[in-house]
Structures are given as C-alpha cells and as structure tokens.
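*Asks:* Sequence and computational prediction follow.
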Amino acid sequence: MRSYWLAPVLFEGESVLLSADRFELLPRETGERFLQWVKLVHPRLLVPFKSNLLLSEDAEIRCGVDQLPFELESGAQIIFSPELLELSHCAQAYIDKRPIGNEMGNMLQKALDQLGSEASDEPIAGWLHTMKKWNEAGYRILLLS
C-alpha cells in the first residue's frame with residue numbers, strides 16, 4: 001500500500017518551502033479511503049504527486065546520489081531553490097496548478113459539510129481541518145506519495 005503525505009508549501013522569492021508540518025496519512029487504509037472520497041467531493045482537491053519527481057534532473061546529477069537528498073519523514077523543512085535543491089519543472093507546474101485561497105477554501109468547506117458528524121472521531125475530519133488552517137495561512141497543499 002502506498003504512503004501519502006499532506007504537505008503545506010509556501011513560496012518565498014525563488015524558494016519553495018515544504019513545511020515541517022507535513023504528515024503521513026495514517027493509518028494507510030484510512031488514507032486510501034480519504035483520497036477516494038475526496039476525489040468524489042472535487043477531483044482537484046487533492047492530486048497526488050510522486051516525491052521522487054520533486055528534484056530536478058540537473059540537481060540530481062550535481063548531487064551525485066541515487067537517493068533523494070531529503071526525506072519526507074525527517075520532520076524538517078525542505079527548501080527548494082536554485083542554490084540548494086532545485087525543484088523540477090514538473091513539480092513547479094504541479095505546485096502552480098494547486099488551488100489556493102477561496103477556491104481551495106470552498107472545496108474544503110464542501111468536504112467538511114459532506115463529511116458531517118459521521119466521521120468526526122476519525123483522522124479524516126482532523127486532516128480536513130488542518131488543510132483548512134494551512135489554506136487560510138496562505139499555504140498551497142500538496143499530496144505527495
């Protein structure tokens with residue numbers, strides 16, 4: 001079963017900051033159910049992106065490593081910039097197309113309304129509330145696998 005991570009992202013100048021507040025959707029079975037349900041709420045709410053495609057090919061060659069020079073599990077902020085880890089063009093396009101602001105807020109509110117009280121004790125409600133908080137703080141929300 002695939003591992004999924006929700007991650008808030010900010011732009012600061014030429015840098016893209018992948019916040020340390022990211023977290024894995026656990027338990028994985030609930031994460032899978034959540035993603036299937038979210039697609040029904042709105043197909044653009046969460047679109048998965050493979051974390052191994054975040055780093056540009058040029059950066060991978062310069063680093064000279066077979067593995068990525070960051071780990072989602074690290075609990076530390078990950079910074080992509082021309083001077084550090086270069087973000088791939090594919091990842092940049094993915095991030096740019098993520099809904100933000102009112103568009104994302106409306107999608108999240110629709111999801112919360114549809115969820116109702118039936119799953120309030122499950123992590124799903126908490127995930128949605130966290131996403132709403134991130135969106136209100138100006139973050140884009142990524143779903144990484």
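*Replies:* Yep, it's here.
*Asks:* switch to C-alpha atoms for all contacts and neighbour counts from now on
*Replies:* OK.
*Asks:* Contacts for stretch 37-50, please.
*Replies:* Applying CA atoms under 8 Å, 6 or more residues apart in numbering, the external contacts of stretch 37-50 come out as 4, 35, 94, 98-99, 104, 107-108, 110-111, 114, 141-145.
*Asks:* Pick out the most distant pair among the residues you listed.
*Replies:* 94 and 114 (26.6 Å; CA to CA).
*Asks:* okay, those two: which has more neighbours?
*Replies:* Comparing residue 94 with residue 114 by other CA atoms under 10 Å, the one with more neighbours is residue 94, at 15 against 11.
*Asks:* What's the ChimeraX syntax to select whichever of the contacts of stretch 37-50 are buried?
*Replies:* Entered in ChimeraX, the line below selects the buried ones among the contacts of stretch 37-50, by 16 or more other CA atoms under 10 Å:
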select :4,35,98,99,104,107,108,111,141,142,143,144
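*Asks:* and the contacts of stretch 37-50, which of them are in strands?
*Replies:* With strands taken from DSSP state E, the overlap with the contacts of stretch 37-50 comprises 141-144.
*Asks:* Reformat those as TSV; add pLDDT and distance to residue 43.
*Replies:* Formatted as TSV, the ones in strands among the contacts of stretch 37-50 follow (pLDDT from 0 to 100; distance: CA to CA, whole Å):
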residue	pLDDT	distance to residue 43
141	97	14
142	97	14
143	97	13
144	95	16
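*Asks:* Same list (the residues you listed) but as TSV, adding distance to residue 83.
*Replies:* Shown next, in TSV, are the ones in strands among the contacts of stretch 37-50 (distance: CA to CA, whole Å):
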residue	distance to residue 83
141	24
142	23
143	25
144	23
